[in-house]
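Undergrad: Next comes the sequence, and after it the predicted model I'd like to discuss.
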Amino acid sequence: MSQRFGPITVALTGQLANILILSAILAIIASSLILRLYRRAVIKSMRRRSQSDILETKGYLPPEPEQKPHDAPLSLEFITRESLKKNPRAARLYHQATRRRWWIALIHAIAGCGFAAVMATAFLSASKIDLLPIRLLFFIWLNAWPVVLAMDLAVGLSRRGRLITVTTYFFVGTVVISNVLHKNLGLPLGQVLYLWLNTNLAPTLLLVIFLHRRIRAVGPLVLVFMVLSVAGMILIVSFTGDNHKLLKALSDLSSSLGLSSSGTLVLLHIIGFAVFAISGWIILGTLRRLYATKNISEQSITIDAVWLLFGIINSISLVPQGRWWILSGLAAYAIYRLIAASLFLVLGFAQRSQSGGRRLLLLRVFSLDRRSEALYDTLGKSWRTVGSIQIIAGRDMATSAIEPHEVLDFVAGKLDRRFIDSGRSLDGRINQMELQSDKEGQFRVTEFFCHDDMWKMSLARLADESDAVLIDLRGFSHANSGCVVEVHELFNVVALARIIFAVDNTTDQAFLRQTMQDGWQQLKDRSPNRRLPAAEISLVDLSGMSRAGFHNLLYALCAAVSAKPA
């Protein structure tokens, strides 16, 4: 048995390391450049002022005359799950939001095991190793490590959750390895460790970098593209060297162009990069079309990039056993995608979500940066299984909520068409919102890119048509005049039972109370809150962004949605 592992351990000596290092460098540069240029373009467009006729906008109301101050009592209360558990509709929706993400993660895990089975079979077949059951099971476990990463991406695991997932994976591996060692006494334990590291270490380290929140939006896809392209650039040399006719034809072409031997080598690398880059672009284009037709979500695109990366890297190491083994990773990915799509279809995720479609408007202080991104990322994994999210884009989230088609629009020079510069464009953007779930049961996020003089109008329209509004007031102080306007406008257009205010120890709560009292006293006659004999503001404490605070927030949003009249 130990001798049969020889070809695996020496499959590729230096080429794979060169491919990964060069791919990582190019991908970091490309991802950072794309996101930087995208953010700059968004901020530049936001600073423009539109030339629109405001009265075009559907739902626009002219300023009202001064009115008698509203003197009904107003109170502020911090709410928790325990204080809302008497609401059965909120409890039911909360459990749907928390459970569905786990079902989605389970589907990706099962499909990932299909991927691992294909890669294990390819690995053993290429190395001329018998496909014995326990041996196959070991290699399936070996190639199933990305399941751990996919679970984290789908659920958003806590540190404790990550520890449990990793421990479970290695516990299963320990059982399998014990059986392998029992049946093959000549196989050293060190060689088992080497096989795991050789299969999983390099792509895992790359993903730790490219799944960082700052570049996650485009990083994994750009990395897959670069790995394919650089692999083609390097492997085309070995392919050409094995084909004497092709090598002679290329030499003749180089001579006719007056190229030296070094120039010929450079030309060969460029050809290889271009050929495989086309393949990478086709893959990215296919993912975009699947996304546009709602066959997959952007979360799945990121998870797909994980499986593609592991498949491509590990199939490259099989090339010395036969050049066509490089397609084994793509074949394994195709099986993974087929299993995942079939399970989502059979389990009816899309049909279950059709009864939902709740609309959440997410507002925040335009200076939170990482905290805004963390809230968006954590909340989205749960909420988007029961409803959509609308965001008025700001520079703090210009790249955190970015979606695949938005990047492609930017690269194609079509970013400006996404900006709201008139009443008609606002109506059109609202009418084009994706309010139905995709086939994986996940709802979309719609960003509203507004010029400087259009965000107030967009706020009023979106708030009026949303089922619930979350305004993140962490860091709120006298400096946030825009948030003061938002709070007052929300009081005028949204029932207070449908508004949740998130605060923490960085919120100037005295100023917040004064802002709310001022807004309450200045209510317009058209406000749904004007005739309330008394009202209560719902606050959720997100200090430290603890798991308890997040679940309090999710439960509060479910209660707010349930409070909307049918």
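TA: Right, received. Where do you want to start?
Undergrad: doesn't L360 fall inside a strand?
TA: Yes: assignment of L360 by DSSP: H, G, I helix; E, B strand; the rest coil places it within a strand.
Undergrad: Could I get the contacting residues of it?
TA: By C-beta atoms under 8 Å, 6 or more residues apart in numbering, the residues touching L360 are W383, G387, S388, I389, Q390, S466, D467, A468, V469, L470, L557, V561. To be clear about C-beta, it is placed using only N, CA and C from the backbone, and glycine gets the same treatment.
Undergrad: Check A277 too.
TA: A277 neighbours (C-beta under 8 Å, 6+ apart): F225, L228, S229, G232.
Undergrad: got it, and M119?
TA: Counting by C-beta under 8 Å, 6+ apart, M119 has contacts F139, N143, F310, G311, N314, S315, S328, G329, A332.
Undergrad: Verify the stated contact: the second one with W196.
TA: Same thing as N143. No: applying C-beta atoms under 8 Å as the test, N143 and W196 come out as separate, 10.0 Å apart.
Undergrad: out of those two, which sits in the more crowded spot?
TA: For N143 and W196, the more surrounded residue by other C-beta atoms under 10 Å is N143, and the numbers stand at 27 against 16.
Undergrad: Report the contact partners of that one.
TA: Here N143 is in contact with F115, A116, M119, A120, F123, T199, F310, N314 (criterion: C-beta under 8 Å, 6+ apart).
Undergrad: same question for the strand or helix carrying the first one, mean pLDDT?
TA: Element membership of F115, judged by DSSP states H and E, is helix 88-126. Here helix 88-126 scores 91 as its mean pLDDT.
Undergrad: what comes up buried for the helix or strand just after that helix?
TA: Sequence order places helix 133-143 as the next helix or strand after helix 88-126, per DSSP H and E. For helix 133-143, a neighbour-count test (16 or more other C-beta atoms under 10 Å) marks R135, L136, L137, F138, F139, I140, W141, L142, N143 as buried.
Undergrad: Could you report the neighbour count for P188?
TA: With other C-beta under 10 Å as criterion, P188 counts 11.
Undergrad: K183 too?
TA: When neighbours are counted by other C-beta under 10 Å, K183 registers 12.
Undergrad: Over to D518?
TA: 14.
Undergrad: So I471: helix, strand or coil?
TA: Quick answer, by three-state DSSP: I471 is strand.
Undergrad: G156: what's it in contact with?
TA: G156 neighbours (C-beta under 8 Å, 6+ apart): R101, D377, T378, K381.
Undergrad: Just want the phi and psi numbers for the closest residue in space to V485 that isn't next to it in sequence.
TA: Leaving aside its chain neighbours, V485 sits nearest to K456 (6.6 Å; criterion: C-beta to C-beta, 6 or more residues apart in numbering). When read as degrees, to the nearest 10, the backbone of K456 gives phi -70, psi -40.
Undergrad: now do E447
TA: The phi/psi pair for E447 (degrees, to the nearest 10) is phi -90, psi 140.
Undergrad: That one and F276, how far apart?
TA: Distance of E447 to F276, computed by C-beta to C-beta, to the nearest Å: 33 Å.
Undergrad: which one of the two has more residues nearby?
TA: Of the pair E447 and F276, F276 is the one with more neighbours under other C-beta under 10 Å, namely 23 against 20.
Undergrad: Apart from its chain neighbours, what residue comes closest to the more buried one?
TA: G232 is the one closest to F276 (C-beta to C-beta, 6+ apart), at 2.5 Å.
Undergrad: how much space between the one you found and Q321?
TA: As judged by C-beta to C-beta, G232 and Q321 stand 19 Å apart.
Undergrad: With neighbour numbers in mind, choose between those two.
TA: Neighbour totals were compared for G232 and Q321, and G232 leads with 23 against 18 (other C-beta under 10 Å).
Undergrad: isn't the more buried one right up against F273?
TA: Yes: counting by C-beta under 8 Å, G232 touches F273, with 5.9 Å between them.
Undergrad: before we move on, the earlier item: so the residue nearest to V485 sits against V484, correct?
TA: No: applying C-beta under 8 Å as the test, K456 and V484 come out as separate, 12.0 Å apart.
Undergrad: got the domain boundaries for this structure?
TA: Taking automatic domain parsing as the reference, the chain has its domains at 98-346, 351-562.
Undergrad: Any chance of the ones you listed in JSON lines with distance to L35 as columns?
TA: Output for the domains of the chain, formatted as JSON lines (distance: least, C-beta to C-beta, whole Å):
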{"stretch": "domain 98-346", "distance to L35": "6"}
{"stretch": "domain 351-562", "distance to L35": "5"}
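Undergrad: Show me which of the contacts of G156 is closest to D518.
TA: T378 (31.8 Å; C-beta to C-beta).
Undergrad: Would you state the predicted confidence (pLDDT) at the closest one?
TA: We have a pLDDT of 82 for T378.
Undergrad: So what's the gap between the strand or helix carrying it and the chain middle?
TA: Using DSSP H and E, T378 sits within helix 370-383. Computed by C-alpha atoms, centre = their mean, to the nearest Å, the chain-centroid distance of helix 370-383 equals 10 Å.
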